[in-house]
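Engineer: any chance you could fold what I've pasted below:
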Amino acid sequence: MSQPASNSASMLSILRRTRIGVLVALAVAALSMLTLPPGAEGAQQHAGTLLGVALAVASILARHLSSLESLGVGGAVACALASLLLALAIGGLGLWIGLAHAARESGILFCFGGFILATPQPRPAALAPHN
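Structural biologist: Take a look at the predicted model:
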């Protein structure tokens, strides 16, 4: 096995393990909020919502950048990892909203949004096998 091929395989393995860890963490956060008593879902947390949207946009942008072949292997992996970590941050924000503001349903929805953004991504073009 050549050096670039083994490097790509190890990078894909890192991305796969990171994705699994993020998905498990988001599931645990959502399940932990299910144990909370339902709270009054009064006024929406505007600062939390704006932060959640900003994190989602940044995750989507990083995911898009990871698919650009011009970045090379290191850049593609860095962007893919950033996308996964931003998705995890959305789940963490949801956990905080659920616990600190007794907004269980909102927190679960934030975790679900992070879960959607952390689902398997297309393989970064820089890591795709070249014929």
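
Engineer: now do Ala58, the pLDDT please.
Structural biologist: Here, the pLDDT recorded for Ala58 equals 96.

Engineer: what's the helix or strand for it?
Structural biologist: Element membership of Ala58 [criterion: DSSP states H and E] is helix 46-66.

Engineer: the bottom helix or strand of this structure by mean pLDDT?
Structural biologist: Counting by mean pLDDT, DSSP states H and E, the chain has its least confident helix or strand at helix 3-34, which shows a mean of 83.

Engineer: would you mind getting the angle between that helix and helix 46-66?
Structural biologist: Orientation check (axes from the mean of the first three to the mean of the last three Cα atoms, to 10 degrees): helix 3-34 against helix 46-66 gives 160 degrees.

Engineer: check which residues of helix 3-34 are buried.
Structural biologist: 8, 11, 15, 18-19, 22-23, 25-26, 29-30, 33 (16 or more other Cβ atoms under 10 Å). In this view, the C-beta of every residue, glycine as well, is placed from N, C-alpha and C.

Engineer: same question for stretch 82-97.
Structural biologist: Using 16+ other Cβ under 10 Å as the test for burial, stretch 82-97 gives 82-84, 86-97.

Engineer: re the thing from before, which helices and strands does the least confident helix or strand of the chain pack with?
Structural biologist: Contact here means 3 or more Cβ pairs under 8 Å, 6 or more residues apart in numbering; DSSP states H and E; on that basis helix 3-34 packs against helix 72-100, helix 104-117.

Engineer: may I see those organised as JSON lines, with mean pLDDT and distance to Val53 added?
Structural biologist: Listed next are those as JSON lines, based on pLDDT from 0 to 100; distance: least, Cβ to Cβ, whole Å:
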{"stretch": "helix 72-100", "mean pLDDT": "90", "distance to Val53": "9"}
{"stretch": "helix 104-117", "mean pLDDT": "90", "distance to Val53": "10"}
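
Engineer: now distance to Ala54 too, for those, in JSON lines please.
Structural biologist: Converted to JSON lines, the helices and strands packed on helix 3-34 look like this (distance: least, Cβ to Cβ, whole Å):
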{"stretch": "helix 72-100", "distance to Ala54": "9"}
{"stretch": "helix 104-117", "distance to Ala54": "13"}
